[in-house]
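Trainee: Below are the sequence and a predicted model; questions follow.
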Amino acid sequence: MARIVSTSWAFVFAVLAGVALAPGHAAEVSAAKKGGEEQSASTLGLPAEVATKHVITLAGEKLAFTARAGAVRLSDAQSGAPRADVAFVSYERADADPLTRPVAFVFNGGPGAGSAWLGLGALSPWRLRLDGDSFSPSTPPLVVDNAESWLGFVDLVFVDPPGTGYSKFLNENEESKKHFFSVQGDVDSLAVVVRKWLTTHRRLASPKYLVGESYGGFRVVKLAGALRERENVGVEGLVLISPVLDFSWLEGGRNLLTFVADLPSFAAIARGAKDRRDVADVEAYAAGEYVTDLLKGVKDEGALARLRANVARLTGLPPEKVERLAGRIDAKTFTRERLAASGRVLSFYDGEISGFDPNPYARESDWADPVLDSLRAPLGAAMTSVVAEKLQWPVGDARYEILNGQVAHLWDFERGGRHGAEAVSDLRQALALDPRFKVLIVHGLADLVTPYFTTKLLLDQLPAYGDGARVKLTVSPGGHMSYLRSDSRKMLRDGARELIEGK
C-alpha cells in the first residue's frame, strides 16, 4: 500500500468485535515462561506470550503446529525505559527440527498496515473466506483452513510494527514515536524485534527469510541490511509482494517514466488480460516508441498524433481525453475515466474491480477504494477473532489496527523526502555481498499502486552478480493483493516454496 492517495487513506475505522468464526480446531494452551517462572503481563504492556497447539490438513497431509501470540519489548538503549511492545503471531510446525527448519518474518506495508493482510489473505494456516472477487465492508469475517498456507515448507512470524495490529506504545514521548515512524527508525527497531524473537525461541541457526508487501517490500530490503550490519543476523532471501523499490517512479508528472511504467497495466485492465504475455506488445511499445515520443515533447505534432492514437487504443479511454493530456495518463485519470459513462470507478489496488463513483457528475471526485476499503473491516474483525478464539491471547477489548492512517500521515522519509526514498541500492549491496542471497518479486497485472512494469524496468538495470536467476520477477492475475485470487495465491505459494527449498 505504497502510493498514498486521498481516497484510500480517508480512514473510517470499523468496530472489530463480536465476530463469529467458522468452526475451528480444539486448542491446547500454555503461558510463556521466562526464567522458569510464568511471565506476568506488564500493567502498561501487552499480555505474556501464549502458545496453542493446532492441526490442519495441507495437500492431504495432517500438519500439527504450534501458534504463538505475544510481543517483543523494545526499550531505550541508554535508560532501559520501555518504549513499545511489538506484537507478533507465529506458526511453527511441530514435527520439524528447529535448527534446519526455515523461518520467515512477514511484514505488511502502508506504512501503517497490520500483518493480517498477508496473514489472513494468503500465508497463515487460516484465511478470510472470500467468494471470488465479491467482497464488501459487510463481508462476514469468517476464517477457513488455508489450503495455500506456507506452513508446509516454512515457519511464519507475522510482525506488527508500532502503530499497527495490537502493538502498543509504552510512553507518551512524541520523539519516541517519531523514531518509529521513520524509514531508518523503523528498520532499526524491527531488526531488534527479529533478533530478539530468534534468540528467545532458539532459532538463530534456522535459515531465515523476510517477506514484505508494498511498503513492506521496501522495508524488508532495508531490514536485511540492518540485521546483517547491526544484529549479526544473516538472511538467505526475500519474497517481495507488490513492492515499491523506488518512490520517484510513483510520482506522476515529474518523472515521465511513471507514464511508461503504468501503461502495460492500463492495457492489461482494458483487455482483461490474465497473463503477462497478453500485453507483451504493450511492454515493447511502452519501452520503445512511447517513451521516445514522450521525450520529444508536446511541441512535436507527429509525436502527439502517435501518442493520441496509440494510448487511446491501448487504454480504451476517449481519444479527446488522451489528446488533452498529450498521451500522459496517470492512474487517477484512468481509474475514473475508464468506466465514467456508467458512473463507476476502478480500484487502484485492482483495476479489474470497480465500484460506484460517489460524485459521478462532479468535475473531480474522491472515492473509497473498492478493494482496500472494502476489506479493512472484515480482515480486521477476522484477525480480532483469531487472536481471541484460536490463539487465546488475552488482549481484552483492544482494537486490532488493520490500517492506521495516522502512521502514513506522520511517516518521515528522511533525506530527500518521499520522492528520494529508494531500496534498489540496498538490494544491490545484498546481492553483491552474498552469492547465496535470493529474491522473489511477485506483482499483479492489474495493480495501479505499484505497477509491475516499474519493477521490471528497475530490475533490468541490475547486474547479474554471477547468476541473474537469483532475482526472479513473477506477474500473476489480480492486483496489489493478487493473493486474494485463488490461482494467484497458489502461484505465490509455489514461488516461495521454490525459493526457500531451492528446488
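Mentor: Perfect, thanks for sending it. Note that the structure is predicted; figures quoted are calculated from it, not measured.
Trainee: how far away is residue 91 from residue 344?
Mentor: Look at residue 91 and residue 344: by CB to CB, to the nearest Å, they are 39 Å apart. For every residue, glycine as well, the C-beta is placed using N, CA and C.
Trainee: Would you mind telling me which of those two has the busier surroundings?
Mentor: Taking neighbours as other CB atoms under 10 Å, residue 91 and residue 344 compare with residue 91 leading, 25 against 17.
Trainee: Could you give the bridge partners of the more buried one?
Mentor: Counting by DSSP bridges, residue 91 is bridged to residue 67, residue 156.
Trainee: Quick one: residues contacting it.
Mentor: 65-67, 124-125, 151, 155-156 (CB atoms under 8 Å, 6 or more residues apart in numbering).
Trainee: Would you agree residue 105 falls within a strand?
Mentor: Yes. According to DSSP: H, G, I helix; E, B strand; the rest coil, residue 105 belongs to a strand.
Trainee: burial measure for the residue nearest to it when sequence neighbours are not counted, as a count.
Mentor: Using CB to CB, 6 or more residues apart in numbering and skipping the chain neighbours, the partner closest in space to residue 105 is residue 157 (4.9 Å). Residues contacting residue 157 under the criterion other CB under 10 Å number 25.
Trainee: Quick check: pLDDT value at residue 157.
Mentor: Looking at residue 157, its pLDDT is 98.
Trainee: Report the contact partners of it.
Mentor: Taking CB under 8 Å, 6+ apart, we find residue 157 in contact with 88-90, 103-106, 197.
Trainee: before we move on, the earlier item: farthest pair within the contacts of residue 91?
Mentor: Maximum pairwise distance among the contacts of residue 91 (CB to CB): 13.3 Å, between 66 and 124.
Trainee: Who has more neighbours out of those two?
Mentor: residue 124 (25 against 16).
Trainee: Now for the contacts of residue 157, which sits with the most neighbours around it?
Mentor: residue 106 (28 neighbours).
Trainee: still on that earlier bit, I'd like the distance between the residue nearest to residue 105 and residue 213.
Mentor: In terms of CB to CB, residue 157 sits 15 Å off from residue 213.
Trainee: Also residue 415?
Mentor: Counting by CB to CB, the gap from residue 415 to residue 213 is 25 Å.
Trainee: residue closest to the middle of the chain?
Mentor: residue 213 (2.1 Å; CA atoms, centre = their mean).
Trainee: residues touching the closest residue to that one other than its chain neighbours, list them.
Mentor: The shortest distance from residue 213 to any non-neighbouring residue, by CB to CB, 6+ apart, is to residue 241 (4.2 Å). Residue 241 makes contact with 118, 211-214, 216-217, 442, 482-483, 492, according to CB under 8 Å, 6+ apart.
Trainee: Look through the chain and tell me its longest helix.
Mentor: In the chain, taking DSSP state H as the definition, the longest helix is helix 183-200.
Trainee: hang on, the earlier thing: out of the contacts of residue 157, the closest to residue 183 would be?
Mentor: Nearest to residue 183 among the contacts of residue 157 is residue 105, at 18.0 Å by CB to CB.
Trainee: Quickly list what the closest one is bridged to.
Mentor: In beta-bridge terms (that is, DSSP bridges), residue 105 pairs with residue 157, residue 210.
Trainee: Distance check, it against residue 405.
Mentor: Distance of residue 105 to residue 405, given as CB to CB: 25 Å.
Trainee: With residue 83 instead?
Mentor: From residue 83 to residue 405 the distance is 22 Å (CB to CB).
Trainee: ok, back up a step: next step: the contacts of residue 241 restricted to helices.
Mentor: Using DSSP H, the members of the contacts of residue 241 that fall within helices are 118, 216-217, 492.
Trainee: Between those, identify the one with the most neighbours.
Mentor: residue 216 (31 neighbours).
Trainee: Quick check: closest non-adjacent residue to residue 64.
Mentor: residue 94 (4.0 Å).
Trainee: ok, now residue 355?
Mentor: In space, residue 355 is closest to residue 370, 3.5 Å off (CB to CB, 6+ apart).
Trainee: With residue 190 instead?
Mentor: In space, and not counting its chain neighbours, residue 190 is closest to residue 223: 5.7 Å by CB to CB, 6+ apart.
Trainee: Export stretch 154-174 to PDB, keeping only CA atoms.
Mentor: Below are the C-alpha coordinates for stretch 154-174, written out as PDB (Å, rounded to 0.1, in the frame of the first residue of the first chain):
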ATOM      1  CA  VAL A 154       8.400 -22.600   6.400                       C
ATOM      2  CA  ASP A 155       7.600 -21.400   9.800                       C
ATOM      3  CA  LEU A 156       5.900 -18.000   9.800                       C
ATOM      4  CA  VAL A 157       6.300 -15.000  12.100                       C
ATOM      5  CA  PHE A 158       3.900 -12.100  11.400                       C
ATOM      6  CA  VAL A 159       5.100  -8.800  12.900                       C
ATOM      7  CA  ASP A 160       3.000  -5.700  13.500                       C
ATOM      8  CA  PRO A 161       5.300  -2.600  13.700                       C
ATOM      9  CA  PRO A 162       4.400   0.100  16.300                       C
ATOM     10  CA  GLY A 163       1.100   1.800  15.300                       C
ATOM     11  CA  THR A 164      -0.300  -1.400  13.700                       C
ATOM     12  CA  GLY A 165      -2.100  -4.500  14.900                       C
ATOM     13  CA  TYR A 166      -2.000  -4.900  18.700                       C
ATOM     14  CA  SER A 167       1.400  -3.300  19.100                       C
ATOM     15  CA  LYS A 168       1.500  -0.700  21.800                       C
ATOM     16  CA  PHE A 169       3.500   2.400  22.700                       C
ATOM     17  CA  LEU A 170       4.500   2.300  26.400                       C
ATOM     18  CA  ASN A 171       5.200   6.000  26.800                       C
ATOM     19  CA  GLU A 172       3.800   9.300  25.600                       C
ATOM     20  CA  ASN A 173       7.100  10.600  24.300                       C
ATOM     21  CA  GLU A 174       6.500  12.100  20.900                       C
END
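Trainee: partner residues bridging the residue nearest to residue 213?
Mentor: Residues in a beta bridge with residue 241, per DSSP bridges, are residue 213, residue 442.
Trainee: all helices in the stretch 51-200 of the chain, in order from the N-terminus.
Mentor: Secondary structure of the stretch 51-200 of the chain (DSSP state H, counting those that start in this stretch): helices located at 116-118, 174-180, 183-200.
Trainee: Measure how the longest helix of the chain sits relative to strand 103-107, angle-wise.
Mentor: Here the directions of helix 183-200 and strand 103-107 differ by 150 degrees (axes from the mean of the first three to the mean of the last three CA atoms, to 10 degrees).
Trainee: And helix 183-200, what's buried?
Mentor: 183, 185-195, 197-198 (16 or more other CB atoms under 10 Å).
Trainee: Kindly report the same for stretch 312-330.
Mentor: For stretch 312-330, by 16+ other CB under 10 Å, it's 312, 314-315, 317, 321-323, 325-329.
Trainee: Equivalent analysis for stretch 209-228, please.
Mentor: In stretch 209-228, counting by 16+ other CB under 10 Å, buried: 209-228.
Trainee: what residue ranges in the chain score low on pLDDT?
Mentor: 1-43, 132-133, 252-253 (pLDDT under 70).
Trainee: Show me the domain layout of it.
Mentor: The chain is divided into the following domains under automatic domain parsing: 28-248+374-501, 253-329.
Trainee: tell me how far the last one is from the chain's mean position?
Mentor: Its chain's C-alpha centre and that of domain 253-329 lie 27 Å apart, by CA atoms, centre = their mean, to the nearest Å.
Trainee: just the longest one next, same as before
Mentor: Chain-centre distance of domain 28-248+374-501: 8 Å, with CA atoms, centre = their mean.
Trainee: Spatially, what comes nearest to residue 344 if we skip its sequence neighbours?
Mentor: residue 354 (4.5 Å).
Trainee: List the contacts of the one you found.
Mentor: The neighbourhood of residue 354, defined by CB under 8 Å, 6+ apart, consists of 339, 344-347, 370.
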